[in-house]
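In: Got a sequence here, can you build the structure:
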Amino acid sequence: MQLYLPIAEMPVNMLLMLGMGAAIGFVSGLLGVGGGFLLTPLLIFAGIPTAVAVGSGAAQVVASSSSAASSYFRRRSVDLRLALVLGSGGAIGSAIGVTVFGLLQRVGQLDLVIAVLYVTFLGIVGGLMLVESVRTIVNARRGRPTPLRPARQLQWAQNLPFKVRFRRSRLVVSVIPLIALGLGIGFLGALLGIGGGLMVVPALIYIFRVPTSMVFGTSLVQIVITMTVATVLHAVLNQTVDAILALILIIGGVIGAQFGARSAAVLRGETLRALLAILVLAVGARFLVDLVTPPVERYSISETEI
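Out: Numbers count the residues shown, from 1 in each chain. Below is the predicted model of the structure:
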């Protein structure tokens, strides 16, 4: 079934977009990530203009993350105070990211910058995830526990001011590094259409030593705050949110996120992380191929704002 997208100015297969949203929603609920790091590239590969893919993908990330976060709320696996601190930095970062996004769009360099950033981001994150997952799997098969990272990683933050106690996470730390983390995530999220869970989750676990039981739900709430701001600003300032595309992706994403959140308690985490790492690297490789392959049409004409 074909539907015409008014903002993207093209027809799309509704069932394909619905299935894509459901698959990304499942990943979101399963791993506590927004899923935008996969959704936006898939939309671009499907022919959706980059600007519309980022803006509309951000709307789907909000919906799927909200759906998954509700499941974690019911299990009391969310540190709301920590999520709000991260989200406050994320909102500021989102505003900056949307401004830079609009500037790149006006000068005609948005597609190139997005592709380069995705190759870099997905290559680094996917590589680190794969190494960590393989190490965990090998240690498990040999009957050896995976060694924890040394706690001294937090020593650099102990002397910073504005310390806050996060009771549910059993954490006392300055809000400065948390806000800085949220700001960086918000900036990349608005620019690339990603929730940033792939960065927030490892940071909370390995740097701030937040209990794993609290990490995924807290990450999802932070994503909802950050990407809601990004979606609204993209729609108002850049007019890149296609409501019809976003609605189809949201319907699929909400359904998939519920199944993902329920499956999280059953499936083996290290195996899933390894498979996800391979998928992330594959998407990054596809962007790299597109960057180095000569285009079919070497020249194009388009309007730019001065």
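
In: all helices for the chain, in order.
Out: Along the chain, the stretches classed as helices by DSSP state H are 14-31, 36-45, 50-74, 80-107, 110-141, 175-192, 197-202, 212-233, 243-263, 269-292.

In: I'd like those as CSV, with mean pLDDT, distance to Phe166 and mean neighbour count appended.
Out: Every residue, glycine included, has its C-beta placed from N, CA and C. Shown next, in CSV, are the helices of the chain (pLDDT from 0 to 100; distance: least, CB to CB, whole Å; neighbours: other CB atoms under 10 Å):
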stretch, mean pLDDT, distance to Phe166, mean neighbour count
helix 14-31, 80, 22, 23
helix 36-45, 82, 26, 25
helix 50-74, 83, 16, 27
helix 80-107, 91, 5, 21
helix 110-141, 81, 25, 17
helix 175-192, 89, 9, 23
helix 197-202, 78, 15, 23
helix 212-233, 88, 9, 26
helix 243-263, 81, 23, 22
helix 269-292, 74, 23, 16
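
In: would you list those in a markdown table and tack on distance to Ser169?
Out: Below are those laid out as a markdown table (distance: least, CB to CB, whole Å):
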| stretch | distance to Ser169 |
| --- | --- |
| helix 14-31 | 19 |
| helix 36-45 | 24 |
| helix 50-74 | 13 |
| helix 80-107 | 6 |
| helix 110-141 | 21 |
| helix 175-192 | 11 |
| helix 197-202 | 13 |
| helix 212-233 | 5 |
| helix 243-263 | 20 |
| helix 269-292 | 19 |
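
In: give me every residue that touches Val52.
Out: Counting by CB atoms under 8 Å, 6 or more residues apart in numbering, Val52 makes contact with 5, 7-8, 43, 240-242, 245.

In: Which single one of these is nearest to Leu15?
Out: Lowest distance from Leu15 to the contacts of Val52 (CB to CB) belongs to Leu245, with 13.6 Å.

In: For the closest one, give its distance to Leu5.
Out: 5 Å (CB to CB, to the nearest Å).

In: Now the common contact residues for the two.
Out: Both Leu245 and Leu5 are in contact with 12, 48, 52, where contact means CB under 8 Å, 6+ apart.

In: before we move on, the earlier item: when you compare pLDDT across the contacts of Val52, which one is lowest?
Out: The lowest pLDDT within those belongs to Ala8, with 79.

In: For it, which non-adjacent residue is spatially closest?
Out: Nearest residue to Ala8 in three dimensions, chain neighbours excluded: Val52, at 4.5 Å (CB to CB, 6 or more residues apart in numbering).

In: ok, that neighbour to Met10 distance?
Out: According to CB to CB, Val52 and Met10 sit 9 Å apart.

In: Filter the contacts of Val52 down to just the ones in strands.
Out: Leu5 (DSSP state E).

In: just the contacts of Val52 now: which is nearest Leu279?
Out: Distances from Leu279 to the contacts of Val52, taken by CB to CB, are shortest for Leu43, at 15.6 Å.

In: what residues are up against that closest one?
Out: Going by CB under 8 Å, 6+ apart, Leu43 touches 20, 52-53, 56-57.

In: go again using 7 Å as the cut-off
Out: Shown in contact with Leu43 (CB atoms under 7 Å, 6 or more residues apart in numbering): 53, 57.
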